[in-house]
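Got a predicted model here, sequence first, then my questions.
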Amino acid sequence: GTGWDGSLNGEPLPSSDYWFTVEYAEPGDTSGARKQFKSHFTLKR
């Protein structure tokens, strides 16, 4: 499949460490509870 090319809005991001948080609901969970996944990656050029 097509991967991410390391750009944001058409501009290449600098090589660095990037941290992110994803908030999501479990499929089928009707309680409205949200979970978080936090991680990071290193973009190398």
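That came in fine, so what should we check first? Numbers count the residues shown, from 1 in each chain.

ok, now which ones touch residue 44?
Applying CB atoms under 8 Å, 6 or more residues apart in numbering, we find residue 44 in contact with residue 15. Every C-beta, even on glycine, is put in place using the N, C-alpha and C of the backbone.

And for residue 14?
residue 43.

Please, where are all the strands along the protein?
Assigned by DSSP state E, the chain shows strands spanning 7-8, 11-12, 16-24, 35-43.

can you list those strands in CSV and add mean neighbour count, distance to residue 1 and mean pLDDT?
Converted to CSV, these look like this (neighbours: other CB atoms under 10 Å; distance: least, CB to CB, whole Å; pLDDT from 0 to 100):
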stretch, mean neighbour count, distance to residue 1, mean pLDDT
strand 7-8, 9, 17, 96
strand 11-12, 10, 21, 97
strand 16-24, 9, 19, 97
strand 35-43, 9, 18, 98
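
I'd like the distance between the closest residue to residue 12 other than its chain neighbours and residue 17.
In this structure, residue 12 finds its nearest non-sequential neighbour in residue 6, 5.9 Å apart by CB to CB, 6 or more residues apart in numbering. Noted for residue 6: a distance of 13 Å to residue 17, by CB to CB, to the nearest Å.

what touches both of those two?
Counting by CB under 8 Å, 6+ apart, the contacts common to residue 6 and residue 17 are residue 43.

just to revisit the earlier point, I'd like the distance from the residue nearest to residue 12 to residue 38, if you could.
Residue 6 sits 21 Å away from residue 38, taking CB to CB as the criterion.

Likewise for residue 7?
Between residue 7 and residue 38 the distance is 23 Å, computed by CB to CB.

now residue 11
Residue 11 sits at a distance of 25 Å from residue 38 (criterion: CB to CB).
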